[in-house]
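> pasted the sequence and its predicted model underneath.
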Amino acid sequence: TQLLEQSPQFLSIQEGENLTVYCNSSSVFSSLQWYRQEPGEGPVLLVTVVTGGEVKKLKRLTFQFGDARKDSSLHITAAQPGDTGLYLCAGGYNAGNMLTFGGGTRLMVKP
Amino acid sequence: DTEVTQTPKHLVMGMTNKKSLKCEQHMGHRAMYWYKQKAKKPPELMFVYSYEKLSINESVPSRFSPECPNSSLLNLHLHALQPEDSALYLCASSQEYGEQFFGPGTRLTVL
């Protein structure tokens, strides 16, 4: 069974602070997706990383895929209250359609 | 059209009722999924359809019955549910082995 461990589970910060969320596994993934979910809504895909060492930027969000494709991080610069939500990482495999989800990081950004 | 739609948004049903959840996508995706998500937890995979055929059933009780009438539609038929089945039910779709796009979900309450 492939497991994805996400940390921290919960993060409460002030507006303007920086933060990093980590997603770690002992398994190698063909791709890794990051999603953001608001209460009562479906997860919204933020980014997909597929190449070891890849770095992608989406405005104030920076995503990195580890060289060995076993881990990933999400860094948010100057967090805003609108960034509040549940952040989920999910690893995918070429051999099938399944995603393995991390446990999620619940982020609260206070004004 | 780049979205997955789900109806209804909310559903309240008794334990003796029969109801159906509907999901639709027009992105030409050949894989479609049902997930169940409890509060503060990541989504749990229930079923995967690939090319309109059921390819994965994650040991889901028979009171949940999926159906894929065509490549754009996915239904989940519900019968004799239990209160513990109350959750957010998410539909997703993907290219054959690609990133998954989620619908907004159906909030189900079983009384």
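Here it is on my side, so go on. Numbering: from 1, shown residues only, chains lettered A, B, ... in the order given.
> shaky segments in chain A?
Judged against pLDDT under 70, the low-scoring parts of chain A cover residues A:1-2, A:94-97.
> how about the residues of it by chain B?
A:30-31, A:33, A:35, A:40-45, A:48, A:88, A:90, A:92-94, A:96-99, A:101-104, A:106 (CB under 8 Å from any CB of the partner chain). Any C-beta I mention is one placed from the backbone N, CA and C, and that applies to glycine too.
> I'd like to know which of the residues you listed are buried.
Under a neighbour-count criterion of 16 or more other CB atoms under 10 Å in any protein chain shown, the subset of the residues of chain A next to chain B counted as buried comprises A:31, A:33, A:35, A:41-43, A:45, A:48, A:88, A:90, A:92-93, A:97-99, A:101-104, A:106.
> can you give me the strands for the chain?
Let's take chain A. Assigned by DSSP state E, chain A shows strands spanning A:5-7, A:10-14, A:19-24, A:31-37, A:44-49, A:55-58, A:61-65, A:71-76, A:85-92, A:99-101, A:105-110.
> ah, I was thinking of chain B
Counting by DSSP E, residue ranges of the strands within chain B are B:4-7, B:10-13, B:18-25, B:31-37, B:44-50, B:53-57, B:64-70, B:73-79, B:87-94, B:101-102, B:106-110.
> and the fourth one, which strands flank it?
Pointing back at strand B:31-37 there. Strand B:31-37 has the following strand partners under DSSP bridges: strand B:44-50 (antiparallel), strand B:87-94 (antiparallel).
> what's the most buried one of those?
Using mean count of other CB atoms under 10 Å in any protein chain shown, the stretch among the strands paired with strand B:31-37 with the largest mean neighbour count is strand B:87-94, at a mean of 24.
> pull the residues that contact that one.
For strand B:87-94, contacts defined as CB atoms under 8 Å, 6 or more residues apart in numbering or on different chains pick out A:40, A:42-43, A:97, B:4, B:6, B:21, B:23, B:25, B:27, B:29, B:31-38, B:43, B:74, B:76, B:100-103, B:105-108.
> report all helices and strands that the helix or strand bottoming out on mean pLDDT in chain B contacts.
The helix or strand of chain B with the poorest confidence is strand B:53-57; it has a mean of 90 (mean pLDDT, DSSP states H and E). The elements that strand B:53-57 packs onto, with contact taken as 3 or more CB pairs under 8 Å, 6 or more residues apart in numbering or on different chains; DSSP states H and E, are strand B:44-50, strand B:64-70.
> which bits of chain B sit near chain A?
By the criterion of CB under 8 Å from any CB, the positions of chain B lying close to chain A are B:4, B:6, B:31, B:33, B:40-43, B:45, B:48, B:50, B:55-56, B:88, B:90, B:92, B:94, B:96-97, B:99-105, B:107.
> which PyMOL command selects the buried ones in those residues?
Only the buried members of these enter the following PyMOL selection, criterion being 16+ other CB under 10 Å:
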select buried, chain B and resi 4+6+31+33+42+43+45+48+50+56+88+90+92+94+97+99+100+101+102+103+104+105+107
